[in-house]
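> what shape does this take:
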Amino acid sequence: MSTFFNKFFTGASSSTANADLGSMESLCTAINHLSSGKEEAVGERAAEIVRQNKDLFEKKCTDVEAFLLHCSPLVGSAAMVAAIKGMFDASAAKNNETGQERAVELLHHYVDENNFVGEHLKLVPEIIFPLLRNIGTYCLEKKNKPDIGQKIITKALESMYPRNGSGPKVLTSAHSVLFTCALKTKDYASVEPFIDVQIDEIANENGVHESTNEEQSAMFNIGRVKVSKNQTSPANNAPSQPFLNPKFVLDYLYNGACILIELKRFDDALFLLETLVAIPAFTIQEQHIDGYKKFVLLSLLLNGKVIENTDKVSGTRNLKGKTSEYKTLAEVRFSRSSNTHTKVDELVQNARDKLRKDGNLELAKLVVLEMKKKTIISLTKMFTSIKLSEIQGLAFLKNRAQVIELIDMLVTENRIAVNFDGDMVFWSEVTPVPTKENIETKIRTVDYLNQLLQERNKDMKSGAGRQRPSVLFNDDEGLSMPPVE
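Down below sits the predicted model:
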């Protein structure tokens, strides 16, 4: 076996070859031998071996390719991504772009061939997610090939969190880089399945830390967090690190909303932006400011006004101070009789350069157009029949052609039903038919609420959900009296 490895592992000098190669050989052998164990324990055992030897890959990065060649991905997926991470990090530290490029090629190959076991990768979040994040950023900035970074991250996340499965929807730091790559490539369709409006979990990218004493070592794994069997009080433990840098949560919400806007999923985009703006912070972040700008425009587009809950949206006053043009737009309230679309058009024209700089000019134009459509729709609620000339006057439109163009748009969008009889228009507003996705979402929501209700009822029956009485009973002194000494 040693002779076989000596042909491939060339990272050590001849004088120390046996000792150095023995470490790499032992690591590969130990991982491959795990296949003889119980299937459900293989991934955890491999992950533990990787953590104990994680420094070896950076020290012996020239031997990584041989290690990958002989390590079985069925049991060693965690070790293989650790090896690639070691190669990439060591090369980055030495400004060796050739090594970084090779690490990208290797990871691209293995994820593209679906060699890795996704469940095993999830056991080493402190390795896989920084690797995906760093390689995605490298492809985006230095390599100038964001499409490769997008493919790598997409395939890796798909293996860990299948989109057609029933598992939880998890937010990771890799999502932020994935969405950034998609905004660069404009390939929005391939990342759309990874934009979850409702998040079930945030990945614990700290991984599993080694215990510092014997008492803390008695731990058992409950998913992504280790909990001590002997744990009695949170006060006895050191403060835990956050699962994820909050920056990646902000990036997820903002970049995800930008992609949803491009896909015309305005309702979902508005939800993400509202969540983004509501996240508290000691200092306002760039994502807060940019998100608030789009939040204002989308609110006008969908609701005709900006609904701000000051109890929910933290720092709104500070955001308005930093976005004066958008502050004026946020004060708009749609009203047909007030000729709102003309007012909004004037505001957009006056702030045209600022909107273009922010990348919001096209969205602002949609707001102006929607205000005109809302004016037409408001007339359908007032009149069942009306002349074209009267529509032009009541909607404050320039000419007859503009009236007909707007009516055609609304008919195409199935928002109104229209019949023409000469100059007369007979119309009505169309009640939107819920889509299959909307119905399925409502069914899932009802099922989830029913499940919570059943759990609550079960707790109440068992007594677990009952609160202790806040009064003391004393046979001699009566209700609410202090106990007798």
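> list the residues that contact residue 32.
If you count contacts by C-beta atoms under 8 Å, 6 or more residues apart in numbering, residue 32 has them with 70-72, 75-76. (C-beta placed from N, C-alpha, C; glycine too.)
> which of those sit farthest apart?
Spatially, the most separated pair among the contacts of residue 32 is 70 and 75, at 12.3 Å (C-beta to C-beta).
> quick one: residue 131 and residue 83 touch, right?
No - assessed by C-beta atoms under 8 Å, residue 131 is found out of contact with residue 83, at 10.3 Å.
> who's more crowded, those two?
residue 83 (31 against 24; other C-beta atoms under 10 Å).
> ok, residue 70 and residue 75, which is more surrounded?
Legend: neighbour count by other C-beta under 10 Å for residue 70 and residue 75, higher for residue 75 (22 against 17).
> tell me how far residue 263 lies from residue 257.
In this view, residue 263 and residue 257 are 11 Å apart by C-beta to C-beta, to the nearest Å.
> should've said residue 141
22 Å.
> swap in residue 109?
Taking C-beta to C-beta, one finds residue 109 at 33 Å from residue 257.
> these two: which is more packed in?
residue 257 (30 against 12).
> would you confirm that the more buried one contacts residue 276?
Yes - the pair residue 257 and residue 276 qualifies as a contact (C-beta under 8 Å) at a distance of 7.1 Å.
> any common contacting residues for these two?
What both residue 257 and residue 276 touch, as defined by C-beta under 8 Å, 6+ apart, is the set residue 291.
> any idea which element the residue nearest the centre of the chain lies in?
Closest residue to the average C-alpha location of the chain: residue 252 at 4.2 Å, with C-alpha atoms, centre = their mean. Residue 252 belongs to helix 246-262 when assigned by DSSP states H and E.
> show me what that helix is packed up against.
strand 170-171, helix 173-185, helix 266-278, helix 286-303 (3 or more C-beta pairs under 8 Å, 6 or more residues apart in numbering; DSSP states H and E).
> compute the inter-axis angle for the last one and helix 246-262.
Relative orientation of helix 286-303 with respect to helix 246-262: 30 degrees, computed using axes from the mean of the first three to the mean of the last three C-alpha atoms, to 10 degrees.
> 210 is where my numbering starts, stick with that
Sure, I'll start numbering at 210, so the last one becomes helix 495-512.
> now helix 495-512 - C-alpha only, PDB.
Only the C-alpha atoms of helix 495-512 are listed here, as PDB (Å, rounded to 0.1, in the frame of the first residue of the first chain):
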ATOM      1  CA  GLU A 495     -26.100  49.100   2.900                       C
ATOM      2  CA  GLN A 496     -28.600  46.300   2.400                       C
ATOM      3  CA  HIS A 497     -31.100  48.100   4.600                       C
ATOM      4  CA  ILE A 498     -30.800  51.300   2.500                       C
ATOM      5  CA  ASP A 499     -31.000  49.600  -0.900                       C
ATOM      6  CA  GLY A 500     -33.700  47.300   0.400                       C
ATOM      7  CA  TYR A 501     -35.800  50.200   1.600                       C
ATOM      8  CA  LYS A 502     -35.600  51.900  -1.800                       C
ATOM      9  CA  LYS A 503     -37.000  48.900  -3.500                       C
ATOM     10  CA  PHE A 504     -39.500  48.300  -0.700                       C
ATOM     11  CA  VAL A 505     -41.000  51.800  -1.300                       C
ATOM     12  CA  LEU A 506     -41.300  51.200  -5.100                       C
ATOM     13  CA  LEU A 507     -42.800  47.700  -4.700                       C
ATOM     14  CA  SER A 508     -45.300  48.900  -2.100                       C
ATOM     15  CA  LEU A 509     -46.500  51.600  -4.500                       C
ATOM     16  CA  LEU A 510     -46.600  49.100  -7.400                       C
ATOM     17  CA  LEU A 511     -48.700  46.500  -5.500                       C
ATOM     18  CA  ASN A 512     -50.700  48.600  -3.000                       C
END
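> before we move on, back to that, and residue 330, which of the helices and strands packed on helix 455-471 is closest to it?
helix 382-394 (11.0 Å).
> so, low pLDDT: which residues of this structure?
210-231, 245-249, 374, 416-451, 518-527, 529-530, 672-694 (pLDDT under 70).
> break it into its domains for me.
211-370, 454-573, 587-642, 645-676 (automatic domain parsing).
> can I get those domains in TSV including distance to residue 579?
Formatted as TSV, the domains of the chain follow (distance: least, C-beta to C-beta, whole Å):
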stretch	distance to residue 579
domain 211-370	31
domain 454-573	5
domain 587-642	10
domain 645-676	21
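> can you say which of these is nearest to residue 413?
Going by C-beta to C-beta, the one of these nearest residue 413 is domain 211-370, 6.2 Å.
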